[in-house]
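Student: Need a 3D model of the following:
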Amino acid sequence: MHRLSIAALTTILLIFNSQLAHANWIAGDFASAGKPVEEHHCVPAGSGPHPAIVLLHGASPKIGLGDAAFEQMCTDLAAQGYYTEFIEYYSQTGAVGAGRPLMIKQEFPIWLAEIKSGIDDLDKNAAVDPHRVAMMGFSLGAFLSLSIAAADPSQVAAVVEYYGGLPPRLQPMAKTMPPTLILHGDKDTIVPVSQAHELDQLLTQNNRPHEIKIYEGAEHAFNFEGLPFWYRADYARDAWERTLKFLAANLHPTLTK
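Tutor: Alright, predicted model coming up:
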């Protein structure tokens, strides 16, 4: 029998561990208006049904940018007991960068329809508790998350929104918003912090349960390590801790354990 060298054995172990690290990031798709929408999901241990979280990325000039960060979030949330699904809502439109506001406005209804179809699909999933589905969105994804929750709160148990806002035409629907966590930097040059304060005031006026944390000196996307010019490790850690605490309080993942 031939003996493996230490170097060869190390290489095999690295490959094996790399495969294990990505095993929980499972590719899939669902239909919206008869067309496919790509998604990735991470399934927690246990039989369920589990509370679920829908992850939504922000505006980007290219599909797939930041997916590594969302893969990490997906696996981390699954480890906390949440069935987590990352929806690629650019599936039917192509990517639209933050510098194209008119295109974002034009495609917004298509993205909403895709995400709504994704939630409908989750509701039929035996591994998911349809009464405990939360939205977690970043930037454009936060606008979409809040819009979905405002338009149909019966399908959304909670919202975690990072540096987003609620579109003006949907603000009258804030009176039925589910519990919402608002996280924003006060130096945001992409989505002004006034959007966070406006949402906070709107939810307060309508007596809706919510929490808000404004990070002093933080720019947009302060929690993404892949954007070193904006990244703040201390704020990212604090925001994630607040996120997990908020989700646990509103989705109760221990009910499935």
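
Student: who's in contact with A158?
Tutor: Applying CB atoms under 8 Å, 6 or more residues apart in numbering, we find A158 in contact with A134, M135, P178, P179, T180, L181, F246, L247, N250, L251. (C-beta placed from N, C-alpha, C; glycine too.)

Student: Show me the helices in the protein, by range?
Tutor: Assigned by DSSP state H, the chain shows helices spanning 6-21, 67-79, 101-123, 140-151, 194-205, 233-251.

Student: quick one: the second one to helix 233-251, angle?
Tutor: Just to be clear, that refers to helix 67-79. Angle, helix 67-79 to helix 233-251, by axes from the mean of the first three to the mean of the last three CA atoms, to 10 degrees: 40 degrees.

Student: tell me the pLDDT at L55?
Tutor: In the predicted model, L55 carries a pLDDT score of 98.

Student: Surely it touches F70?
Tutor: Yes. Contact status for L55 versus F70: in contact at 5.7 Å, counting by CB atoms under 8 Å.

Student: which residues do the two both contact?
Tutor: Counting by CB under 8 Å, 6+ apart, the contacts common to L55 and F70 are F86.

Student: More neighbours: those two, which one.
Tutor: It is L55, of L55 and F70, that has more neighbours when counted by other CB atoms under 10 Å, with 25 against 22.

Student: Please list all residues in contact with the more buried one.
Tutor: Residues in contact with L55, defined by CB under 8 Å, 6+ apart, are F70, M73, C74, L77, T84, E85, F86, I87, M136, G137, G141.

Student: how close does the residue nearest to it when sequence neighbours are not counted get to Q195?
Tutor: For L55, ignoring the flanking residues on the chain, the nearest one in space by CB to CB, 6 or more residues apart in numbering is F86 at 4.3 Å. Distance of F86 to Q195, given as CB to CB, to the nearest Å: 24 Å.

Student: What of N206?
Tutor: For N206, the distance to Q195 (CB to CB) stands at 17 Å.

Student: Which one's more surrounded, these two?
Tutor: When N206 and Q195 are compared for neighbours, Q195 comes out ahead with 19 against 15, by other CB under 10 Å.

Student: That one against G164, yeah?
Tutor: Yes. Under the criterion of CB under 8 Å, Q195 is in contact with G164, at a separation of 7.0 Å.

Student: re earlier: please identify the deepest-packed of the helices of the chain.
Tutor: When you average the neighbours per residue for each of the helices of the chain (mean count of other CB atoms under 10 Å), helix 140-151 leads with a mean of 25.

Student: before we move on, the earlier item: contacts only, for the residue nearest to L55.
Tutor: With CB under 8 Å, 6+ apart, F86 has these contacts: E39, H40, H41, L55, L56, H57, D67, F70, E71, M73, C74.

Student: what about this protein, any weak spots by pLDDT?
Tutor: By pLDDT under 70, the low-scoring segments of the chain are 1-23, 255-257.

Student: Pick out the residue closest to the middle of it.
Tutor: L55 (2.4 Å; CA atoms, centre = their mean).

Student: Who does that residue form a beta bridge with?
Tutor: With beta bridges defined as DSSP bridges, L55 has these partners: F86, M136.
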